[in-house]
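>>> Have a look; sequence and predicted model below, questions after that.
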Amino acid sequence: MGASLAALAAPLLLAAGGLAAPPRSEVNRPWPFFEPAEPEEPPVRAPLDALKTFAMPPGYALELVAAEPLVQDPILMEFDGDGRLWVMELPGWAHNLSMDNSLEPVNRLVVLDDTDGDGAFDKRTVFADGLVLPRAFKVLAGGCALIGEPPTLWKACDTNGDLKADTKDKVTDGFARLGVLEHGANGLFWGMDNRLVVSEHEWNLAYRAGQFVTVPGLRRGQWGVTQDDAGRIYRNVNTDPLFVDYVSPDYYARNPDLVRTRGLYENLVDQEKTNIWPAHPTFGLNRGYRREVFREDGTASYYGGVSSPLIYRGTRLPAEVQGMAFVADGATNIVHLLRLKDDGEGRKSAEDFYAKGEFLASTDVRFRPTALAGGPDGTIYIADMYRGVSQDGPLQTDYLRDYITKRGLQRGTGHGRIYRVVHVGTGGAGAAMPRDARPRMSQDATAVLVQHLSHPNGWWRDTAQQLLVQRADPQGLPLLRKLALERKADWRSRLHALWTLHGLEGLQPAQIRAALADPRPELRAAGLRLAEPWLARGDKAISQAALALAGDGSWQVRVQLAASLGALPAERRTAPMVALLRAQGNDAVLVDAALSGLKGDELAVLTALAEQAEPPREALAMLAGALAKRRDPGIARLVAMAGDGQQPGPVRRALLDGLALGLAGGVQGGGNAVAGGRAGGNIPGVTRQRAGGNRFDLAAEPHSLTLLASSKDALAEPARRLLALVNWPGRPAPPALPPRSAVEEALFQRGQAIYVEQCSGCHQAQGQGQPRVAAALAGSKRAVASGDVPVRILTNGLEGSIGLMPPLGAAMSDEDVAAVLTFVRQSWGNTGTPLPPAAVKEWRLAFAHRTTPWSEKDIDAPQR
């Protein structure tokens, strides 16, 4: 580290002389760029030397605005309303030669400032230190911040103006648990709807009357959150770069009987059509041993581990990237750019912006972009943890661990850099790029903050909204109401005004009616959501205006109407829901949004839909699924309909599929809400059957269904799937699990907690898995096989048709492996026996020689 400090002393320690401008990477170097030679032991480069390793499209460059010792091990960052950069530092991650995560309180949240205005940070203040593996923070007004330090979410505040936290109050418990960082709660992203979005977690936060309260959500995403100008939320997971929420998770959380949640976390990128182009061979990946998936030059063609999506909403980069999606892939040392497209009705898709080449690629394997952030100056900032290790130790394959140690990549910690993306066109290395002025929002009057809602830079609009909501100054209400009604104002300004009024509880019917009639679909959709309190009260004028949007030309408006109709009083919502579903009941996203507000009315709506000549199959299947998941008595009636040969074939198929899906526990995720967008909406393809012990009891044998199941009819197979999930008097009872002992019950409960935190992100809450991401554990033969099989999979990993199951259990104790496998083997209808820790220890020792993941063929072969 000494060499780095020496090289950096002159350019970055501004108190010792300062600089005219921050150091910049080479502009207009050959692009795409590729360096075929890899050093045996990649060096730790000084910050100025690291600048020489970057390649960007013509006209772009990076400016080095902070580096060690000013910043170390950055993983997250956010600007406050006064233009200071808050950075979460994680020196405790993979902190030693064994790449263990330290449980010592060595991590911190720091504040960087540019005191002389030269564009580089020169002052560092430690806001909060002594943190144990924190993984989220959110800057608040008044010198405060939320800090996610498992298992607690804190609110820390500076009370005397020195930017050092003096108070630390608990907001809530249950915010992640100590373990694998990439599978713990993170985010805390303040969305336009004034929800703080938490990825990899079951709840979000709402700001109400000066307090943060938890609101139910659904576990989605992995690391990072962003939004577009309309307030749509985007996230990513593992090796899939971009997902969008068309529907707020609030709706799906209100109805636990849903068997699918299309519209929430929809995949936007076709896995088969996207490619990455690293600037050097990338065998240092978790699955680098699979050389057949690499190009001849040694580069990976697909992402290694994406994070921190960012929809660019700034002002200083070219217009062609406005509204586009940037994604960090630290594993392959790139920042990828995706072209975000709209079909004209609000449906999104994304594709590679460049046919060949990356927005940013480094030949330095230690370049690890961990966070992207839009800045008040209209540019993009990149946090670089600058480490040789990017994969959390518990998830490393033996191949990767060996690759790291042979090259000394675990050495060289304690570094870190912050870069700013600039565009100087053909002006060359010395060309200046204008930047938006530095904000001073903490000093701005409320009226000035309202003016900031019309700023062209999305960062200014977002930050002003957040500060207005937290300031809660009633003098801002008339100004906001005026802006919301100003048709000549930019639609984005009016949208922010509406949501700011929502956060201040200052909306009036006039703003709602105007939004519902606005020419912009984004405003009409927001108006529907904001109208829900009036819909619930039965406001006639607003209800009529909302219902008039059933035939709106925008898909996003119709989907939002489907969700918002659930706010109507129970006696008034069925008829408009039936009308909407009759017309659009084969739109999977609209169907699930509508069903979120139909709890208790599913049978009535299904019956009404089934009476039409060509009933919508999607709606019928999902309604039947919700009834089945709830174990509603109406299931018997639907089973009879499904077996009735007088019913139209499509109706019978929809009922068979939906009932089977619901009785099997449902799939909490949409067809496109999984990797690659190839899961489709194919209900039979994602149904996972529970073991027989969870069958639904019918009063009598469904003779027509059993006859159908034994026939050669095209519906025989779905009929057999449904029959496996029901029971009736006289049918042989399935074997029952013996009761667990006190020791086994303790193991089970411990395993449940581990599963929720470390496994459910991929395998899902009900063990149903995700196509192309994680295998189903519910009904899995391997999960309940002889104890050595699941132990070998968990501790050595499994390479199969779905992909790599990493050796997560390698870093677990025998007790934790036994616990989580006991939970899996005895959940969701699985009938495996508990696994004692002593047996786990014995099996681990027996296969300790294994250095690569098992193949499916090997794991299924009998052991001698």
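Good, I have the coordinates. Residues are numbered from 1 along each chain as shown.
>>> my guess is residue 560 contacts residue 531, does it?
No - with contact defined as C-beta atoms under 8 Å, residue 560 and residue 531 do not form a contacting pair (10.0 Å). Heads up, the C-betas are built off the backbone N, CA and C, glycines and all.
>>> So for these two, which residue has more residues nearby?
For residue 560 versus residue 531, neighbours defined as other C-beta atoms under 10 Å are more numerous around residue 560 (29 against 25).
>>> Helix, strand, or coil at the residue nearest to the more buried one when sequence neighbours are not counted?
Nearest non-adjacent residue to residue 560, counting by C-beta to C-beta, 6 or more residues apart in numbering: residue 525, 4.2 Å away. Of the three states, residue 525 takes helix under DSSP: H, G, I helix; E, B strand; the rest coil.
>>> give the contact list for residue 525.
230, 346, 554, 556, 557, 559, 560 (C-beta atoms under 8 Å, 6 or more residues apart in numbering).
>>> Ok, residue 132 next?
92, 103, 104, 105, 107, 149, 150, 178.
>>> Redo the contacts of residue 525 as TSV? Include pLDDT and distance to residue 594.
Output for the contacts of residue 525, formatted as TSV (pLDDT from 0 to 100; distance: C-beta to C-beta, whole Å):
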residue	pLDDT	distance to residue 594
230	97	21
346	91	17
554	96	17
556	97	14
557	98	14
559	98	9
560	98	11
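>>> quick one, what contacts residue 760?
Neighbours of residue 760 in contact, by C-beta under 8 Å, 6+ apart: residue 219.
>>> Please convert the contacts of residue 132 to TSV, extending it with neighbour count and pLDDT.
Shown next, in TSV, are the contacts of residue 132 (neighbours: other C-beta atoms under 10 Å; pLDDT from 0 to 100):
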residue	neighbour count	pLDDT
92	21	87
103	10	81
104	12	88
105	14	91
107	24	95
149	24	92
150	21	89
178	14	69
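>>> Tell me the pLDDT of the most centrally placed residue in the chain.
Centroid-nearest residue in the chain: residue 221, 1.6 Å away (criterion: C-alpha atoms, centre = their mean). pLDDT for residue 221: 77.
>>> dump the residue contacts of it.
With C-beta under 8 Å, 6+ apart, residue 221 has these contacts: 187, 199, 200, 235, 236, 237, 243, 265.
>>> ok, now with 7 Å
Applying C-beta atoms under 7 Å, 6 or more residues apart in numbering, we find residue 221 in contact with 199, 200, 235, 236, 237.
>>> returning to what we had before: tell me the two of the contacts of residue 132 that are most distant?
104 and 150 (14.3 Å; C-beta to C-beta).
>>> So which helix or strand of the protein has the lowest pLDDT on average?
helix 683-686 (a mean of 28; mean pLDDT, DSSP states H and E).
>>> Quick check: most distant residue from the centroid of the chain.
residue 730 (47.2 Å).
>>> Can you classify that residue as helix, strand or coil?
coil.
>>> Now it: closest residue in space, sequence neighbours ignored.
Per C-beta to C-beta, 6+ apart, closest to residue 730 is residue 701, 7.1 Å.
>>> from what I can see that neighbour touches residue 728, true?
Yes - counting by C-beta atoms under 7 Å, residue 701 touches residue 728, with 4.7 Å between them.
>>> Could you report the neighbour count for the closest residue to residue 722 other than its chain neighbours?
Distances taken as C-beta to C-beta, 6+ apart place residue 660 nearest to residue 722, at 4.7 Å, with adjacent residues excluded. By the measure other C-beta under 10 Å, the count of residues near residue 660 is 29.
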